[in-house]
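**Student:** need coordinates for the below:
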Amino acid sequence: MSPERPFTVSIPKLRKIKLIDNISGLQLFQLMRFTVFLIISIVFTKSHLTRAEIGSWEMFLFISGLISFFWVTGIIQSLLPLYHRNKTYRKIGENGKGKSPEIFNAFILLCLFSLVFFGMGHSLKNHFSVFNISGNVPYLNLLLLYLLLSNPVCLIEYIYLLNNRSYRIFQYGIYTFSLQLVFVISPILFRKDIIWAVYGLLAITAVRWVWLIILLRRYTEMQISVKFIREHLYLGFPLIITSLLSGSAQYANGVIISAVYRDPGMFAWFRYGAKEFPLVLMLANGLSNAMLPEFSTRSRMKESLTRIKYKSQRLMHLCFPATMLIMLLARWFYPRMFNPEFQKSADVFLVFSLFVIPRLVFPQTVIVGRKKTHITLIAAVIELGITITLSLLMIKWGYNIVGVALASFIGYTVGKIYLSGYLWVKMKIKPDDYIPLKAFLIYSILLVAVFVLIDHRIIDIH
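**Tutor:** Have a look, this model is predicted:
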């Protein structure tokens, strides 16, 4: 007689629930980036550092961003619709598996641009002027080194995105931003000079380079293609110029304020206030960049429009109420989060909170995804012209740094209106096809009403 078989219970295999997709992974990563820099800002204002020293740190970040933001954005945004959908390389498998020569050539482009601007910076470094004092650029040699090293590593999160490794984006953010926080604030907590925070920033950049090299070996085919680089630049060059003009509209404000007031303290006031609500900025940018590859094929157009409409409505239900709450508390938490000297920054922040209105509309995602990058260039020219003109007028009329912030909002809004108009008139895509209009209009009216009540101190929590 055979031995009795043990009693077993068959348990069905549980389906793996995907908590983070490409969109939420990129959104969380960008939110982590902003949060870490915000924590650093708070720690600095609570430390032994003077307002002028904090202004020097902010100028370091400001210049490094000013010199590089436009070409990094243009190269990466043009890579997304080109990945496996370009004339140089055929699509590698229906599921997108396989090592990518596109990513490696995008890396080469980022390195080349970094070298070019590093060289230009060295050749011109004796002619820089900040706060109207020639040669007073904070830590210029370290700034140029940071410019050379920091930009290629921006590719890391997009390597994970294009390979559908959304959870890896989140893990990479957790590890590296935690280290960045430690490397930057630890010297300040030990009452070291601000230059040690710059060294910390360079140290975490070195860590990211090691990470990038590992990913390049794992996910890319290391062959240089001049043909693909030309194709990439053909699509990316209008985006580079667009990013330069559109981003310059906001960077121009910092230039105008530093030139007009010639005071690092005033510059620090503006910089600490000129921050969009991070929840809005990071979630909106994450959604836009993650959706770009989906608009690269005409066959999925209707499905992609429906998806971005649904996703943007979910963002509106979260971001508009959160923005209204943070506006109500802005004048209370600014002097407490930083210090009483930064009370003036709260008024600038209130104006920048209005950016949630145009930020949660995504005509640029459709246009760039369809590779019509010259249209975004026109919108950027319009935005820059309006922003600079209105900024100078606002200062002349006595509105100071708050007026400059309002000029930025108006310029950015007009640019979005132009892009939406192009989609409607030229591509026959109505606003209702990708914007949840009812929710958008109700929330926008409520937000403007809250802003007016706070601005006129009818509601005043301080």
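**Student:** where in the stretch 251-400 of the chain is pLDDT low?
**Tutor:** 251, 258, 261-266, 398 (pLDDT under 70).
**Student:** that one: helices as residue ranges?
**Tutor:** Assigned by DSSP state H, counting those that start in this stretch, the helices in the stretch 251-400 of the chain fall at 264-273, 278-291, 301-337, 343-353, 356-359, 363-369, 373-396, 400-426.
**Student:** and these as JSON lines, adding mean neighbour count and distance to residue 58?
**Tutor:** Just so you know, the C-beta spots here come from the backbone N, C-alpha and C atoms, and that holds for glycine as well. Shown next, in JSON lines, are the helices of the stretch 251-400 of the chain (neighbours: other C-beta atoms under 10 Å; distance: least, C-beta to C-beta, whole Å):
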{"stretch": "helix 264-273", "mean neighbour count": "23", "distance to residue 58": "5"}
{"stretch": "helix 278-291", "mean neighbour count": "22", "distance to residue 58": "16"}
{"stretch": "helix 301-337", "mean neighbour count": "17", "distance to residue 58": "16"}
{"stretch": "helix 343-353", "mean neighbour count": "21", "distance to residue 58": "12"}
{"stretch": "helix 356-359", "mean neighbour count": "22", "distance to residue 58": "23"}
{"stretch": "helix 363-369", "mean neighbour count": "25", "distance to residue 58": "28"}
{"stretch": "helix 373-396", "mean neighbour count": "19", "distance to residue 58": "19"}
{"stretch": "helix 400-426", "mean neighbour count": "20", "distance to residue 58": "14"}
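**Student:** TSV for the ones you listed, including distance to residue 78?
**Tutor:** TSV is the format used below for the helices of the stretch 251-400 of the chain (distance: least, C-beta to C-beta, whole Å):
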stretch	distance to residue 78
helix 264-273	29
helix 278-291	12
helix 301-337	18
helix 343-353	28
helix 356-359	21
helix 363-369	8
helix 373-396	7
helix 400-426	17
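**Student:** closest one to residue 154 among these?
**Tutor:** Residue 154 lies closest to helix 278-291 among those, at 11.5 Å (C-beta to C-beta).
**Student:** just give me the neighbour total for the residue nearest to residue 99 when sequence neighbours are not counted.
**Tutor:** Leaving out its chain neighbours, the residue that sits closest to residue 99 by C-beta to C-beta, 6 or more residues apart in numbering is residue 221, at 4.2 Å. Using other C-beta atoms under 10 Å, residue 221 is surrounded by 16 other residues.
**Student:** quick revisit: now for the helices of the stretch 251-400 of the chain, which one comes closest to residue 217?
**Tutor:** Going by C-beta to C-beta, the one of the helices of the stretch 251-400 of the chain nearest residue 217 is helix 278-291, 24.4 Å.
**Student:** what ranges does this protein have for its strands?
**Tutor:** 129-130, 133-134 (DSSP state E).
**Student:** which of the ones you listed comes out lowest on mean pLDDT?
**Tutor:** In terms of average pLDDT, strand 133-134 trails the rest of these, at a mean of 44.
**Student:** so how far is residue 238 from residue 439?
**Tutor:** According to C-beta to C-beta, to the nearest Å, residue 439 stands 32 Å off from residue 238.
**Student:** looking at those two, which is more packed in?
**Tutor:** Ranked by neighbour count (other C-beta under 10 Å), residue 439 and residue 238 place residue 238 first, with 21 against 16.
**Student:** I figured the more buried one was touching residue 380, is that so?
**Tutor:** No - distance between residue 238 and residue 380: 9.4 Å, which falls outside the contact criterion (C-beta atoms under 8 Å).
**Student:** not counting its neighbours along the chain, what's nearest residue 289?
**Tutor:** Residue 289 sits nearest to residue 26 (C-beta to C-beta, 6+ apart), 6.1 Å away.
**Student:** how about the contacts made by the one you found?
**Tutor:** Listed by C-beta atoms under 8 Å, 6 or more residues apart in numbering, the contact partners of residue 26 are 157, 161, 166, 169, 286, 289, 290.
**Student:** how about a cut-off of 6 Å?
**Tutor:** 161, 286, 290 (C-beta atoms under 6 Å, 6 or more residues apart in numbering).
**Student:** distance of the closest residue to the first one other than its chain neighbours from residue 148?
**Tutor:** The shortest distance from residue 161 to any non-neighbouring residue, by C-beta to C-beta, 6+ apart, is to residue 22 (5.3 Å). As for residue 22, its distance to residue 148 is 30 Å (criterion: C-beta to C-beta).
**Student:** could you do residue 155 as well?
**Tutor:** When distance is defined by C-beta to C-beta, residue 155 is 15 Å away from residue 148.
**Student:** phi, psi for residue 86 please.
**Tutor:** phi -140, psi 170 (degrees, to the nearest 10).
**Student:** how near is the residue lying closest to it once chain neighbours are set aside to residue 88?
**Tutor:** Nearest-residue entry for residue 86: residue 231, 5.8 Å, with adjacent residues in sequence omitted and distances by C-beta to C-beta, 6+ apart. Distance of residue 231 to residue 88, computed by C-beta to C-beta: 6 Å.
**Student:** next one, pLDDT for the closest residue to residue 40 other than its chain neighbours please.
**Tutor:** Spatial nearest neighbour of residue 40, chain neighbours left out: residue 184 (5.5 Å); criterion: C-beta to C-beta, 6+ apart. For residue 184, the pLDDT comes out at 94.
**Student:** show me what contacts residue 184?
**Tutor:** By C-beta under 6 Å, 6+ apart, the contact list for residue 184 reads 40, 197, 200, 201.
**Student:** list the residues that contact the last one.
**Tutor:** When you say that, I think you mean residue 201. So residue 201 contacts residue 184 (C-beta under 6 Å, 6+ apart).
**Student:** about what we covered before: for the residue nearest to residue 99, phi and psi?
**Tutor:** phi -90, psi 120.
**Student:** below-threshold pLDDT in the stretch 51-200 of the chain: ranges please.
**Tutor:** For the stretch 51-200 of the chain, the stretches with pLDDT under 70 are 90-98, 126-138.
**Student:** tell me where it has helices.
**Tutor:** Using DSSP H, counting those that start in this stretch, helices in the stretch 51-200 of the chain cover 51-82, 101-124, 140-150, 156-162, 166-189, 195-219.
**Student:** mind checking which of the ones you listed is nearest residue 372?
**Tutor:** The closest of the helices of the stretch 51-200 of the chain to residue 372 is helix 51-82. By C-beta to C-beta, the value is 10.7 Å.
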